[in-house]
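**Student:** Predicted model and sequence follow; I will ask about them next.
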Amino acid sequence: MAVMVDVRDLGSAGVSARRVVGLMDDNATIGVCAIRDGDRTATAELEFNLGEAARLAELILSGDQRAKTTPGLARILSASVAVLFRVSLAAGALQQQLQTEDFDGRDGGHLDDQLEAGGDEDPGD
């Protein structure tokens, strides 16, 4: 596995651990693994195919309520975005901009978080 993302595992109560996400040798499967600092072997938590993740994202965007209940959904979509961002950035397809303000955690899911619709957009979307 080619590790693309390596982050501290905030859910490992008092234990120094990391979570790594990477692209498998087939260039189509993403793996999410947990590893404790000092260990040489990671524990696989989740593996999924990029095509499946893309299809799942499309179903959710279309409003499919059943797709929204997929176990591990947040981790699948988060890992996909993180890996694809790193690959795109490395390939020169994207330019990384410095973030000038702190992320406030607002997700656009509440009325006070939603951006105003542009002139060509339906405010109901």
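**Tutor:** Looks like it arrived, so ask away. Residues are numbered from 1 along each chain as shown.
**Student:** Pick out the residue closest to the middle of this structure.
**Tutor:** Centroid-nearest residue in the chain: residue 78, 1.3 Å away (criterion: Cα atoms, centre = their mean).
**Student:** Show me where this protein has its strands.
**Tutor:** With DSSP state E as the criterion, the chain has strands at 2-8, 17-23, 29-36, 43-49.
**Student:** how about a markdown table for those strands, with mean neighbour count, mean pLDDT and distance to residue 82 added?
**Tutor:** Where you see a C-beta, it was placed from the backbone N, CA and C, and this is true even at glycine. Shown next, in a markdown table, are the strands of the chain (neighbours: other Cβ atoms under 10 Å; pLDDT from 0 to 100; distance: least, Cβ to Cβ, whole Å):
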| stretch | mean neighbour count | mean pLDDT | distance to residue 82 |
| --- | --- | --- | --- |
| strand 2-8 | 14 | 88 | 5 |
| strand 17-23 | 19 | 91 | 6 |
| strand 29-36 | 18 | 93 | 9 |
| strand 43-49 | 13 | 93 | 13 |
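**Student:** Grab the longest helix from the chain for me.
**Tutor:** Scanning the chain for the longest helix, with DSSP state H as the assignment, gives helix 73-90.
**Student:** how far does it sit from the chain's center?
**Tutor:** Distance, stretch centre to chain centre, for helix 73-90: 5 Å (Cα atoms, centre = their mean, to the nearest Å).
**Student:** buried set for it?
**Tutor:** Within helix 73-90, the residues scored as buried using 16 or more other Cβ atoms under 10 Å are 76, 79-80, 82-84, 86.
**Student:** Can you find the helix or strand of the protein with the lowest average pLDDT?
**Tutor:** Sorting the helices and strands of the chain by mean pLDDT, DSSP states H and E puts strand 2-8 at the bottom, at a mean of 88.
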